[in-house]
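Q: Kindly generate the corresponding structure for this input.
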Amino acid sequence: MRKIIVHEFITLDGVIQAPGGSDEDTEGGFAHGGWTLPYWHDDIGAHFSQAMTQADTLLLGRKTWQIHGGAFEPMPAGDPFGDVMNSIHKYVVSTTLKSAATWRNSTLISSHVVEQVRKLKEQPGQNILVDGSSVLTHALAESDLVDEYSLHVYPLVLGSGKRLFPEESASI
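A: Alright, predicted model coming up:
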């Protein structure tokens, strides 16, 4: 059976919202977007590239899929990271999208998400990576579908924002 690996950039206080850009995700008044940029180095890119060599599928929520697709779909052939992101098969989970045609090699999952993801895990293949996609990640975790977390922890505390492990899920 394939593994679902949640691959996230995360702060010390568990925030995963908008690591890549100031306007990436401002939901809830979030004003700290792009918090990874001052810390970026080639080892982080190499680690992500390594994870991609062990995966053949991305599973993304609508917002993350749209952000990634908007960045990678227009890239010309020959860009090493763009080629990887455009060629890998992607599943986007959304109840609002009507089509996944705007980013090549994408398939829409619009209903029976847990059942569809279980079937996806049973198919032959490599790992399935989840990136960003906080709502989807929470649903996968609640359904016991996450096999592994690969976290890039950044040395800062933001105090607010979407968290990988929401407070309401913590219980003793």
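
Q: for this protein, what helix or strand is lowest in average pLDDT?
A: helix 42-53 (a mean of 83; mean pLDDT, DSSP states H and E).

Q: L151 - that's part of a strand, no?
A: Yes: with DSSP: H, G, I helix; E, B strand; the rest coil as the criterion, L151 is located in a strand.

Q: Can you spell out which residues form a bridge with the residue nearest the centre of the chain?
A: Ranked by distance to the mean C-alpha position of the chain (Cα atoms, centre = their mean), the top residue is D131 at 1.4 Å. Beta-bridge pairing for D131 (DSSP bridges): H7.

Q: CA atoms of stretch 135-152 as PDB?
A: Below are the C-alpha coordinates for stretch 135-152, written out as PDB (Å, rounded to 0.1, in the frame of the first residue of the first chain):
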ATOM      1  CA  VAL A 135      -8.200  21.700   5.500                       C
ATOM      2  CA  LEU A 136      -7.400  18.500   3.500                       C
ATOM      3  CA  THR A 137      -4.500  17.600   5.800                       C
ATOM      4  CA  HIS A 138      -6.800  17.800   8.800                       C
ATOM      5  CA  ALA A 139      -9.500  15.700   7.200                       C
ATOM      6  CA  LEU A 140      -6.900  13.100   6.200                       C
ATOM      7  CA  ALA A 141      -5.500  13.000   9.700                       C
ATOM      8  CA  GLU A 142      -9.000  12.600  11.300                       C
ATOM      9  CA  SER A 143      -9.600   9.700   8.900                       C
ATOM     10  CA  ASP A 144      -6.300   8.000   9.900                       C
ATOM     11  CA  LEU A 145      -5.000   8.300   6.300                       C
ATOM     12  CA  VAL A 146      -1.700  10.100   7.000                       C
ATOM     13  CA  ASP A 147       1.200   7.700   7.200                       C
ATOM     14  CA  GLU A 148       4.000  10.100   7.800                       C
ATOM     15  CA  TYR A 149       4.800  13.800   8.400                       C
ATOM     16  CA  SER A 150       7.900  15.400   6.800                       C
ATOM     17  CA  LEU A 151       8.300  18.700   8.500                       C
ATOM     18  CA  HIS A 152      10.700  21.500   7.700                       C
END
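
Q: Nothing else from me, thank you.
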